Each structure stands twice: as structure tokens, then as C-alpha cells.
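Asks: fold the following and give me the result.
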Amino acid sequence: MKKRILLPLLLISSSVAFSQTIIGNTSYDVQSNNAAKHRISVYDDGSISAAWTGSTDYAVGTTNPDRGMFFNHYNGATWGAFPATRVESTKTGFGEVITVLDHEVTLAHDGAALSIQLYANSSIGGTTWSELTGSDDITGFWPAAVCPEGTNDIYVVNANANPPTELRFSRSDDGGLTWSVLNTTVPFLTAAEGIPGLGVGLIAAAETYQIAVSGTNVYILYGVPNSDLVLISSNANGAVGTWTSTVLHNFPIDNYSGLTQTDVDGDFVTDIVETTDGNHNIIVDGDGNVHVYTGYVNIFNDGLGAFWSYDYSAPMGVWQWHTGMAEAELVDLTLDWDNTDGLGDPDAGIGAYRSHYRYPGIVSTPGACIDPATGRIYLAYTMAIEYTDLFGDPTNISAQSFRDIFGVYSDDMGATWSTPVNLTNTAETGKENFYVSVYPEFIGGKVHMVWQEDVYPGTTVTDLDPIGVNNIMYNGFTAADFGDAPVVCNDITGPGGLYADGITSNSAVMHWDAVAEADQYIVAFWNVADMATVGKRRPNTNMYAIPEGKLAPETTYGFRVKTVCYDEGTISPYSDIAYFTTLPLREGETRESINVFPNPSNGVFTIELNGYENANVNTVIINAVGQVVYENTSTPAAYNFTLPVNLNDVPTGIYYVTSSCNGKIVTNTIMID
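Replies: Sure thing, here's the model as predicted:
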């Protein structure tokens, strides 16, 4: 059994509200298939450049014809205007941005030409881009690239096809104008080494690889759930014939296709196998040590299913490996974030549908950063948050949990890690955080990262989410943000002085006495009439404002509060309950909302329209491939209006209920089974 690195205080993790900056947006929400992309460059003068796969085409049924690399720059004081057009002249995607001496270069694949396009700007942060002469010479998809600081050398690894049959390595010594090594096959990824094939199994090897360079040493990391995790290296700048392979984690069944029983020891009993989820990160420190982090999962096949399944009772965590280690070790990041069910089960509140990002682990997509002055390693990762699915029922077969980005640090090369800190803390308010890209060096006292924020878990490609605008976020997190700050909490009693003000027909502000040096509060509020919990939030101040539209008119609510001191690992009992009653609707006031129930449904369900009196509301229901299966225009005569729908003759699946009125569009998702 592999060594497991356990964290202190796993049941109590801090949740802190940090300032985050929106630097752009995109309607194309698939930033990567698996591993973290190189999407951010940080400079000693405080300036920052970032890129992402962008698009402004929101129309249903389109193929994002304007998709490509969008770029923005921070000059040390402000970010530029949100980019609205891509860098390239033709449609690209799944690219990266790297610094080449005194300017930046983007690399992205042109799916139509089956090639990698390279564009360079004229200077750091420049907005004029030109295609390089070495563009389109690399064939294939999904580039991962690096340029060592102070050099003109570009190293690229990419897949040759979709699905891949091999990985290819290329190197340019002149910034992408020409290639001294071009489209050579990366060795040790064949059946002879026990690798079943790069397109075999549930997850094809799209971006399940990373590249890093130190001096003349080139490192390529590769692994999928049904293969070894391997580090392929060359000590001669990637010259053909100079590659060697190191197995960081051995998948115990060679050439495993996923179709047969996982019987490792031949006793005809199904074995659960530890492996990687394909989401990798690799960096090299100033001493030339290689550091590897990748998502940890357990899989099995009992011989009855078509492919393997995931064992979610296993620990949540990431694999870690660094130069000098014999094999990868598990950093156990298991965390019971919200134990409202009282089961003490960290997995109990995670949504049942988990393939909306190509099957990442519950903890996944790690990104690391090293402080060269101290050797401290900062590690960021995403984690699914309990009881945050859109259905309000994690057992629903379509329930997908939102994710937040967490952070830990280590001062002893990963032997021990700090208590996790929730760095984004928006999942419980319906905002997904994924595709995090971490700059590998601690600069200006900060861990710099960019990521995508979405209002739906998953992607439009994987689970057919509605197309919309997704924010690209940036933040530079300090050591204190990662929890490196001594906190003494002397008063752990539940707070008193509860009262509510700012009460309207559908909102209110809850207050309570501040507890000295408290790190966080847990406030629960509910409708007294049925005692069903309306919400549970974790504010960091002694008040919480319930947003407009979250409460019903003329309704009595109760709320109570706990105090959290995460440094001491303590939570107070709940306070006494305080009550407040919302106001009646004023003349002419409406609280617009649209609800669909029951959900899931057998095809017979109700659309509830609140606050649309005397307005024309057009409702359209489409299936997963965009076909209209129902359309209706209604003019509600009262505040509350119900529209019965009968679709019991349509196939089972996910359907999208879109209601529009006076330019406002609301989309609900319903599962018909």
C-alpha cells in the first residue's frame, strides 16, 4: 500500500472570502480536456499576462466559429478591456501562452487543419499578433508547451490525432520560426510497456500529459486511469534516442482496456485499483527537482459492466512525486465540508452525476507553485462541494455538484501539508470554479492563478449545459490566504444579539454579535411553516444578506448561528433562534421566479410562473440535441400561475425549459425518466 500523507484538522477547513478579478469571459466553456494548461505568465515588474480558449458566440446550435485564444494583460495597475476577438485568424482552441524572451507566444490547435498554430505578439502584453513561420508545422491536437526563462527555445508535446494513437514531441531553437526536432514520436507509450493505447478506455489521452524543462533535461508526464503514470525524460533536449522512462505509479494490469474484471491477483475476486484521473501538473524547482501532482481515483470492474466504475468511498486526494522518491504517494485531502446529514460521510452530499468533466476525482486538477526563497510548495486543487447540486438532491441521477478551489502548502517537500483553505468559496452560491492554472513560481509574495467561473457545473460538450457567458478569473493569493497566519480564538460560544433588518417581501439581512477572533460563522435559515432549510451559508463577518427573490412574501423565517475557529479546530453549538417575517407584496411589486416540478418527472410536470401578471411568457422545451418538443405562450392573470405540461411520450433524458418575457430569459433543466 502506498504511503498516505494525512492532513491535520481534516474535518475543519477554513473558508475565506477573497477578492477576485474578472479578466474576461467566454461562451465556450471547455478550457481543457484534462491536465492544467499553461495560461498565465507573471513578471518581476508586477505585470501579468493570461490567455484562455474564448468565444463570444452564444447561439444555441452553433459550433463557436469565433473560438480561439483570447488574451489579456495586467500592466501592474489595471487589466485591459475584456478581449472580444481571438489572437489567431482561424478557429483554434485548447491552447497555451508562454513567454519567449521579450514577448509572448500562443500555441493552439486548428482542428480543421490538424495542426498547431503559433502566434507571437511584439512585446510583453502587446496586442498586435502575427503568425510565426513555424506555425502549422506541428501536426495534431492539444499542445502543451514550455519555454525556459531567458531562452528562445520552445518545447511542445501534443497528441497526433483525435483520438490519439501517439504523443509527439517538437522543439524550436528560434522562438517558433523553425523546428530542430519536429513531430517525433514520444517513446514508451506502447503495449510493450503495458500501455493499452492512447485511445482505449473511458478517457482518451486528450491532454493527459504535461511537459517541463530544466537545462538540457526535458520531462513529459503521462497517465490515464487504465495505465501507468510515467515520467519520460531526455537529458539531451529531447533528441531522438535519448529518452528514458520512469514509472511513478504502476497500474497493476498491463494493457487494461477497461472491458474486463479488475482481478489483479487472479483469484477471480474484483480488486479495486488505485490510479490517476488524468489531470496532471508538473513543475521543476530551482535546484532541478521535478515535482509531479495528479488527481487520485480508485477504479474497478466486476466483469459485469461495459467499463470500469469509480470507488467513491476511497480517499479524496492527489498523487505527489518528486525527484528522489521511489514511487508516487497519496496526499489524503478528504474533507467533510458540510455534514448537514449527520452521516459523517464526505461523499454523501456529492451529486450522483460525476462525468461532467471527463471523470475527475472529487479532488482533482492540481496546480503547484514553489517559493524559491523558502522552498515552500503551494498546491491548489478543485473539490466538489456537498449539497450544492442544482436539484437540491445529490441522489438525483442528474445531480452535479459545484466545485471550489482549495489550497494547502508544505514546508518539507510534501512530507506534511497544511489545513485546506477554500480559496474561492462560491460553490454554495451557485458558481463553479474549474480549469485552474497556477503560475509555478511564487512572485511578489503571491500564488498567481487564473480559472473559469461558471453558473453550471460541467460543460456544454460533456453534459449539454445551456450556453452562456462564463467568467475568466484571476487572483494572487498570499501566504496568509493559504492559512499561514496564527489565529487565537478565545471565545467559542455561540453568538448572541440575533436580529434581522432590511426586510422586504423577498429578502432580509441577518445580524448577530461578533465573536472575538472568530474565523467564520455558519448561519442556517428556514421557513418556519415547514421547517425545510432554505439555506446554510458560511460568512466571515457577523451578518448575511439574503439576496432578493430568495424569500417568499408574508412568511416567517427562523435563523441561528454557529461560530467557527478553524485554527483550533472548534465549532460552537448553535445560538438561540431568532425570527423575522417578510413584508407583503406592495402594489405593483412583483417577485419574478420560474420553477419546474416535480424534477425528475415521468413527463408530466408543472411550470410555475410567479410575478409575470399580464405579460406574455413564451416557453420552449428542447431536448439534448436542440430539437423543440414543446412550445407555449401564456399570459398569467395573477401573481402565481401554473402551466401543466405533458411530455410522457418523449424519450427519457435531460430537457431544457426556457421561458422568455420582455427580453429576460430563464432556463431550467428537467430530467424525464
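
Asks: when you work out contacts or count neighbours from here on, use the C-alpha atoms and nothing else.
Replies: Will do.

Asks: ends of stretch 304-317, what's the gap?
Replies: For stretch 304-317, the first and last residues are 28 Å from each other (CA to CA, to the nearest Å).

Asks: just for this structure, where's the confidence low?
Replies: Residues of the chain meeting the criterion pLDDT under 70: 1-19, 60-61, 485-493, 531-534, 566-569, 586-591, 639-640.

Asks: okay, domains of it per the record?
Replies: 4-55+67-477, 499-581, 593-672 (automatic domain parsing).

Asks: tabulate those (TSV), appending distance to Asp484 and mean neighbour count.
Replies: Formatted as TSV, these follow (distance: least, CA to CA, whole Å; neighbours: other CA atoms under 10 Å):
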stretch	distance to Asp484	mean neighbour count
domain 4-55+67-477	8	21
domain 499-581	10	18
domain 593-672	42	16
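
Asks: which elements pack onto the helix or strand hosting Ile405?
Replies: Using DSSP states H and E, Ile405 maps to strand 403-410. When contacts are defined as 3 or more CA pairs under 8 Å, 6 or more residues apart in numbering; DSSP states H and E, strand 403-410 packs onto strand 377-384, strand 421-422, strand 432-438.

Asks: out of those strands, which is closest to Val157?
Replies: Closest to Val157 of the helices and strands packed on strand 403-410 is strand 432-438 (CA to CA; 17.9 Å).

Asks: strands paired with that closest one, and their directions?
Replies: With DSSP bridges as the test, strand 432-438 is paired with strand 447-454 (antiparallel).

Asks: which element follows the partner strand toward the C-terminus?
Replies: Helices and strands here follow DSSP H and E; after strand 447-454, the next one along the chain is helix 460-463.

Asks: what lies in contact with that next one?
Replies: Residues outside helix 460-463 that contact it (CA atoms under 8 Å, 6 or more residues apart in numbering): Tyr28, Asp29, Val30, Ser355, His356, Tyr357, Arg358, Pro466, Ile467.

Asks: if we go to 10 Å?
Replies: Identification of contacts with helix 460-463 by CA atoms under 10 Å, 6 or more residues apart in numbering yields 27-30, 353, 355-358, 398, 400, 457, 466-468, 624, 654.

Asks: what strands line up against the strand holding Ile405, and which way round?
Replies: Counting by DSSP bridges, strand 403-410 is paired with strand 377-384 (antiparallel), strand 421-422 (antiparallel).

Asks: now those in CSV, with distance to Thr633?
Replies: As requested, the strands paired with strand 403-410 are exported to CSV (distance: least, CA to CA, whole Å):
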stretch, distance to Thr633
strand 377-384, 38
strand 421-422, 44
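
Asks: now Ser593: closest residue in space that isn't a chain neighbour?
Replies: Once flanking residues are discounted, Ser593 sits nearest to Asn610: 5.1 Å by CA to CA, 6 or more residues apart in numbering.

Asks: who's the one you found bridged to?
Replies: On the basis of DSSP bridges, Asn610 is bridged to Ser593, Asn640.

Asks: now it: how far from Val292?
Replies: Distance from Asn610 to Val292, counting by CA to CA: 52 Å.

Asks: and for Pro315?
Replies: 19 Å.

Asks: quick one, which of the helices and strands packed on strand 403-410 is nearest to Pro196?
Replies: Distance to Pro196, taken as CA to CA, is lowest for strand 432-438 among these, at 27.3 Å.

Asks: what residues are bridge-paired with Leu231?
Replies: Leu221, Thr246.

Asks: who's in contact with it?
Replies: Here Leu231 is in contact with 188, 209-211, 219-223, 244-249, 282, 290, 292 (criterion: CA under 10 Å, 6+ apart).

Asks: 7 Å - rerun?
Replies: Applying CA atoms under 7 Å, 6 or more residues apart in numbering, we find Leu231 in contact with Tyr219, Ile220, Leu221, Tyr222, Ser245, Thr246, Val247, Leu248.

Asks: what does Gly392 give?
Replies: No residues are in contact with Gly392 under the rule CA under 7 Å, 6+ apart.

Asks: repeat that for 10 Å
Replies: Gly349, Gly351, Ala399, Gln400, Ser401.

Asks: again with Ile665
Replies: Taking CA under 10 Å, 6+ apart as the criterion, Ile665 is in contact with Val617, Asn618, Thr619, Thr658, Ser659.

Asks: which one among the residues you listed gets closest to Arg39?
Replies: Nearest to Arg39 among the contacts of Ile665: Thr658, at 34.3 Å, using CA to CA.

Asks: was I right to think the closest one contacts Val666?
Replies: Yes - counting by CA atoms under 10 Å, Val666 is a contact partner of Thr658 at 5.6 Å.

Asks: packing partners of the one helix or strand Ile98 maps to?
Replies: Assigned by DSSP H and E, Ile98 belongs to strand 93-100. Packed against strand 93-100 by the contact rule (3 or more CA pairs under 10 Å, 6 or more residues apart in numbering; DSSP states H and E) you find strand 40-42, strand 48-54, strand 68-74, strand 103-110, strand 115-121, strand 141-146, strand 154-159.

Asks: recalculate using a threshold of 8 Å.
Replies: strand 40-42, strand 48-54, strand 68-74, strand 103-110, strand 141-146.

Asks: that strand pairs with which strands?
Replies: strand 103-110 (antiparallel).

Asks: so how far is the strand it pairs with from its chain's centroid?
Replies: 23 Å (CA atoms, centre = their mean, to the nearest Å).

Asks: what's the angle from that strand to strand 68-74?
Replies: 160 degrees (axes from the mean of the first three to the mean of the last three CA atoms, to 10 degrees).

Asks: show me the contact partners of strand 103-110.
Replies: 68-69, 90-99, 115-126, 140-143, 145.

Asks: and the residue nearest the centre of the chain?
Replies: Phe434 (1.8 Å; CA atoms, centre = their mean).

Asks: from Ser123, how far out is it?
Replies: Counting by CA to CA, the gap from Phe434 to Ser123 is 30 Å.

Asks: same deal with Ile138?
Replies: 24 Å.

Asks: ok, now Val363?
Replies: As defined by CA to CA, Val363 lies at a distance of 38 Å from Ser123.

Asks: Arg537 too?
Replies: In this view, Arg537 and Ser123 are 45 Å apart by CA to CA.

Asks: my read: Ile195 touches Pro225, true?
Replies: No - with contact defined as CA atoms under 8 Å, Ile195 does not count as touching Pro225 (10.8 Å).
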